[in-house]
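1. Return a 3D structure for these sequence lines:
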Amino acid sequence: MTNIDNLDTLIKMALREDIGDGDHSTLACIPPTATGTAKMVAKQDGILCGAEVGERVFSLVDSNLKVNLLKHDGEAVAKGDVVMTIEGPSGSILTAERTALNFMQRLSGIATETHRMVQMLSGLKTKLLDTRKTTPNMRLLEKYAVKCGGGTNHRIGLYDMVMLKDNHIDFAGGIEAAIDRTRDYLKAKGKDLKIEIEVRNLEELQRVMNHGGVDRIMLDNFDTATLREAVKRIDGKYETEASGGITDETLRAYAETGVDFISVGALTHHIKSLDLSLVKK
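-> As a prediction, the model looks like this:
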């Protein structure tokens with residue numbers, strides 16, 4: 001789970017966005033002294049994620065609310081399972097409801113989709129990676145959800161790994177120049193970061209291998225036959241990653257080439273939220 005200070009900041013922003021100058025629907029019809037109990041129920045099968053976030057939402061809305069987590073992050077849930085119960089001021093439960101659900105449904109959707117794709121790679125060495133294609137300010141939570149689903153995090157941002165993509169290479173004046181400048185920069189800054197470089201064909205791959213100086217090679221938009229040949233040529237000298245145009249129908253075939261990683265941006269930017277609902281108990 002991400003740092004609690006950052007999490008609180010994110011949740012408070014979400015609550016301000018939703019509540020504004022007041023939850024007038026609740027204020028209008030729920031007596032301030034009313035109390036009650038609600039339960040959050042899974043309406044479909046999946047992998048739960050964000051339970052602690054939801055718990056924190058209720059707590060920040062009203063510290064008098066008592067939340068009991070019955071399911072935890074990374075656990076499988078079935079349709080009809082009660083995920084948590086919330087007891088306390090009825091108005092506070094209603095005010096917190098949507099924000100808690102928004103976080104939990106999206107994170108659980110990511111965890112569920114990741115788990116589904118990881119299962120498709122069962123028995124193979126290839127690891128499933130996420131990307132930087134995340135919701136602004138939600139990256140740490142969304143990458144946490146990928147881990148809950150059994151996936152592996154790629155770099156967190158621009159700061160913890162160097163990735164030399166086609167535009168970097170083109171603007172730098174070529175593969176060799178991009179690598180050399182990067183290594184000089186890291187040495188000058190005293191930074192120990194892994195270097196990954198993207199190649200678009202076997203000719204570019206050979207240039208990287210002839211030059212050296214990287215840790216991982218991303219094989220972008222290769223078909224499976226060309227990817228297999230690339231992995232064979234690399235022969236374990238560098239980590240290998242396949243990316244681009246990989247679908248459910250081709251995922252396992254790509255993994256069977258022996259590539260170390262497959263990165264899938266859709267894990268965090270093209271998912272369906274898991275259906276959860278809050279009802280009066």
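2. in what helix or strand does residue 268 lie?
-> Element membership of residue 268 [criterion: DSSP states H and E] is helix 266-269.
3. So which residues make contact with that helix?
-> Judged by C-beta atoms under 8 Å, 6 or more residues apart in numbering, the contacts made with helix 266-269 from elsewhere in the structure are 110, 113-114, 117, 128, 130-131, 133-135, 142-143, 145-146, 151. Glycine gets a C-beta too; all of them are placed from N, C-alpha and C.
4. Show me what counts as buried in stretch 67-75.
-> Buried residues in stretch 67-75, defined by neighbour count with 16 or more other C-beta atoms under 10 Å: 67, 71, 73-74.
5. about what we covered before: just checking, which helix or strand succeeds the helix holding residue 268 along the chain?
-> Along the chain past helix 266-269, the next helix or strand (assigned with DSSP H and E) turns out to be strand 276-280.
6. same for that next one, what does it pack against?
-> When contacts are defined as 3 or more C-beta pairs under 8 Å, 6 or more residues apart in numbering; DSSP states H and E, strand 276-280 packs onto strand 35-42, helix 90-120.
7. what's the distance between it and the middle of its chain?
-> Relative to the centre of its chain, strand 276-280 is centred 25 Å away, using C-alpha atoms, centre = their mean, to the nearest Å.
8. list the contacts for residue 187?
-> Residues in contact with residue 187 (C-beta under 8 Å, 6+ apart): none are found.
9. repeat for the one 5 residues further on
-> Residue 192 sits next to residue 186 when contact means C-beta under 8 Å, 6+ apart.
10. ok, so what distance separates it from residue 186?
-> Note on residue 192: its distance to residue 186, by C-beta to C-beta, to the nearest Å, is 7 Å.
11. cool, and residue 92?
-> 51 Å.
12. more neighbours, those two?
-> Neighbour comparison, residue 92 and residue 186: the larger count goes to residue 92, with 21 against 15 (by other C-beta atoms under 10 Å).
13. so how many other residues sit close to the nearest residue to that one once chain neighbours are set aside?
-> With C-beta to C-beta, 6 or more residues apart in numbering as the criterion, residue 92 has its nearest non-adjacent residue at 3.5 Å, and that residue is residue 62. For residue 62, the count of nearby residues is 15 (other C-beta under 10 Å).
14. swap in residue 31?
-> For residue 31, the count of nearby residues is 9 (other C-beta under 10 Å).
15. Where does it sit: helix, strand or coil?
-> Here residue 31 is coil, with the state taken from DSSP: H, G, I helix; E, B strand; the rest coil.
16. Residue 66 versus that one, what's the distance?
-> Using C-beta to C-beta, which is the criterion applied here, residue 31 is 20 Å from residue 66.
17. How about residue 120?
-> Distance of residue 120 to residue 66, given as C-beta to C-beta: 40 Å.
18. For the spatially most central residue of the chain, which non-adjacent residue is spatially closest?
-> Nearest to the mean C-alpha position of the chain, by C-alpha atoms, centre = their mean, lies residue 143 at 2.9 Å. Leaving aside its sequence neighbours, residue 143 sits nearest to residue 153 (C-beta to C-beta, 6+ apart; 4.9 Å).
19. pretty sure that neighbour is touching residue 130, no?
-> Yes: because the distance of 6.0 Å satisfies C-beta atoms under 8 Å, residue 153 is recorded as touching residue 130.
20. Between those two, which has more neighbouring residues?
-> A count of neighbours by other C-beta under 10 Å puts residue 130 above the other of residue 153 and residue 130, at 28 against 15.
21. tell me which element the residue nearest to that one when sequence neighbours are not counted falls in.
-> Closest residue to residue 130 in three dimensions, ignoring its sequence neighbours and counting by C-beta to C-beta, 6+ apart: residue 146, at 4.5 Å. Taking DSSP H and E as the definition, one finds residue 146 inside helix 139-148.
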